[in-house]
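> Structure of the sequence below:
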Amino acid sequence: MQTPRFQPEPNLAPLREVFNRYRAESGMTFDELAEATGISRRTLLNISSGTYHGDLSTWLVLARVWGASLDDMFAAVWE
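Sure, this is the predicted structure:
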């Protein structure tokens, strides 16, 4: 019988930097991003400041709008 491998917990703190980098690269304002995604401006500001990490639905919508993959966006949480 194999012993289960320890699975480290993801460090969600880097999501703040990921969000800010993608938003800056897109050139979108918070208002433009809110309009394009349907995510409230307040939620986007909270992700940007790191007070909220978002949920899977939030990141799926952001990835689609920015033309990014979730693998690329979430790689930083495992580093």
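> where does the protein have low pLDDT?
In the prediction, the chain carries residues with pLDDT under 70 at positions 1, 3-4.
> if you set the cut-off to 80 instead, what comes out?
Residue ranges of the chain with pLDDT under 80: 1-7.
> That one: helices as residue ranges?
Counting by DSSP state H, the chain has helices at residues 15-26, 30-37, 41-49, 56-66, 70-74.
> Now render those helices as CSV, adding distance to Phe6 and mean neighbour count.
Backbone N, C-alpha and C define where each C-beta goes, glycine included. As requested, the helices of the chain are exported to CSV (distance: least, CB to CB, whole Å; neighbours: other CB atoms under 10 Å):
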stretch, distance to Phe6, mean neighbour count
helix 15-26, 23, 16
helix 30-37, 36, 15
helix 41-49, 29, 16
helix 56-66, 24, 16
helix 70-74, 19, 14
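> Determine which of those helices approaches Pro8 most closely.
Pro8 sits nearest to helix 70-74 of all the helices of the chain, at 13.7 Å, using CB to CB.
> Please state the offset of the closest one from the chain centre?
8 Å (CA atoms, centre = their mean, to the nearest Å).
> before we move on, what about stretch 13-32?
Centroid separation between stretch 13-32 and its chain, computed with CA atoms, centre = their mean, is 9 Å.
> got the end-to-end distance for it?
End-to-end distance for stretch 13-32: 24 Å, by CA to CA, to the nearest Å.
> What of stretch 67-76?
By CA to CA, one end of stretch 67-76 lies 18 Å from the other end.
> what residues does that stretch touch?
Under the contact criterion CB atoms under 8 Å, 6 or more residues apart in numbering, stretch 67-76 has outside partners 10, 14-15, 17-18, 22, 59-60, 62-63.
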